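Participant: Got a sequence here, can you model it:
(one chain, ligands or ions: 1)
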Amino acid sequence: MPELPEVETVRRGLEKKLNNFIIKKVEVCRDSTVAFPKKKEEFIKGLRNSLFYKWDRRGKYLIAKLKEVQNENTQNPLENSQNNGFLVVHLRMTGYFKLIENSTHPCKHTRIRFFDKNNNELRYIDVRSFGQMWWINKSHSPNKIIKGLGSLGPEPFSKDFDANYLKKVISKRTKSIKAILLDQTIVAGIGNIYADESLYSAGISPFREARTIKKSELIKLKESIVTVLKKSIGSGGTTFSDFRDLEGENGNFGLQTNVYRRTGKECRKCGNLIKRQKITGRSTHWCPKCQK
Ligand SMILES: [Zn+2]
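Facilitator: From the prediction side, this is the model:
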């Protein structure tokens with residue numbers, strides 16, 4: 001499942017490659033991918049003549065600001081444009097985009113296709129089909145329409161996310177710290193891989209009851225989260241997820257994990273074997289000696 005670093009890598013790719021992409025035609029191949037508006041015809045009509053103006057990310061959501069272009073044949077189409085709300089995308093497990101020049105026949109997992117006037121295609125492919133898209137018109141707020149988006153906790157890189165904040169929100173929580181890190185309302189964008197890696201790097205056992213973690217440990221945890229995420233963004237995501245970048249390439253080749261999917265291998269710090277066990281249904285990897 002793409003987590004913050006993978007979604008951020010996709011965002012950067014979309015922003016770079018879709019500079020002048022004005023949607024002329026939308027084809028919905030699977031209705032359930034469109035989460036809003038309810039009628040796919042409204043989604044299709046609403047997006048027509050939209051320029052992808054800017055791509056943002058919030059947690060694991062991609063948010064494109066749209067401009068409706070009245071006449072794209074002028075020198076600066078943006079001059080005659082007005083806001084046209086947002087296209088919001090959540091890739092969930094297996095969703096990814098592909099930009100295709102001179103559109104070809106789509107594969108059977110193609111869910112939504114966007115075309116510009118030159119028949120370039122931005123294709124959304126999703127094998128397991130949990131991914132969703134919303135077109136939010138300019139009179140609505142994405143945070144109100146999309147519950148999961150509106151309830152997100154702070155971004156890990158933001159000022160709001162620090163040891164004081166963590167202390168405050170977990171001081172009474174009896175859940176494990178691993179479960180806390182996966183809770184998107186507490187901190188946005190962290191999934192299974194980066195929760196395990198951050199806890200390893202901070203030396204904290206994933207099984208610890210959240211409320212027992214000391215302030216000094218939370219300072220370290222915050223730093224670990226930021227470092228692990230930044231490092232991964234720099235290398236374009238991990239090798240292990242099903243994540244693909246805009247060219248449809250699978251993952252990347254750079255990032256080495258310390259515990260994730262290293263069950264039975266030697267810990268890089270102490271040489272003990274990495275263990276795996278489920279916490280709230282998610283495979284959790286840790287070193288029992290380095291993480292207390
Ligand atoms: Zn170890």
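
Participant: What residues does this structure have near the ion?
Facilitator: With Cβ under 5 Å from the ion as the criterion, the chain comes near the ion at residues 267, 269-270, 272, 287, 289-290. Bear in mind the C-beta positions are built from the backbone N, C-alpha and C, glycine included.

Participant: Quick one: the strands in the chain, in order.
Facilitator: Along the chain, counting by DSSP state E, strands occupy 25-28, 34-36, 50-58, 61-69, 81-90, 95-100, 110-115, 121-126, 132-136, 275-279, 282-286.

Participant: how much distance is there from the third one to the middle of the chain?
Facilitator: Which is strand 50-58. Between the centre of strand 50-58 and the centre of its chain there are 14 Å (Cα atoms, centre = their mean, to the nearest Å).

Participant: Which elements pack onto that strand?
Facilitator: Applying 3 or more Cβ pairs under 8 Å, 6 or more residues apart in numbering; DSSP states H and E, we find strand 50-58 packed against helix 4-17, strand 61-69, strand 81-90.

Participant: thinking again about what came up before, which one of the strands of the chain lies nearest to residue 13?
Facilitator: Smallest distance to residue 13 across the strands of the chain (Cβ to Cβ): 7.8 Å, for strand 95-100.

Participant: The closest one to strand 61-69, inter-axis angle?
Facilitator: The directions of strand 95-100 and strand 61-69 differ by 40 degrees, with axes from the mean of the first three to the mean of the last three Cα atoms, to 10 degrees as the criterion.

Participant: Give the pairing partners of strand 95-100; include direction for each.
Facilitator: Paired neighbours of strand 95-100 in the sheet (DSSP bridges): strand 121-126 (antiparallel).

Participant: Distance from the strand it pairs with to the middle of the chain?
Facilitator: With Cα atoms, centre = their mean, you get 16 Å for strand 121-126.

Participant: Using PDB, write out the CA atom coordinates for it.
Facilitator: Extracted in PDB, the C-alpha atoms of strand 121-126 (Å, rounded to 0.1, in the frame of the first residue of the first chain):
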ATOM      1  CA  GLU A 121      -3.900   9.900 -21.700                       C
ATOM      2  CA  LEU A 122      -3.600  10.000 -18.000                       C
ATOM      3  CA  ARG A 123      -4.700   6.500 -17.100                       C
ATOM      4  CA  TYR A 124      -5.600   5.300 -13.600                       C
ATOM      5  CA  ILE A 125      -5.100   1.600 -13.100                       C
ATOM      6  CA  ASP A 126      -6.000  -0.400 -10.000                       C
END
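
Participant: what does it rub up against?
Facilitator: 18, 21, 33, 89, 91-92, 94-100, 103, 106-107, 109-115, 131, 133 (Cβ atoms under 8 Å, 6 or more residues apart in numbering).

Participant: what domains does the record give for the chain?
Facilitator: Using automatic domain parsing, the domain parsing of the chain gives 4-150, 163-286.

Participant: Mean neighbour count for the ones you listed - can I get that in JSON lines?
Facilitator: JSON lines is the format used below for the domains of the chain (neighbours: other Cβ atoms under 10 Å):
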{"stretch": "domain 4-150", "mean neighbour count": "18"}
{"stretch": "domain 163-286", "mean neighbour count": "18"}
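
Participant: Out of the ones you listed, the one nearest residue 156 is which?
Facilitator: Of these, nearest to residue 156 by Cβ to Cβ is domain 163-286, at 5.2 Å.
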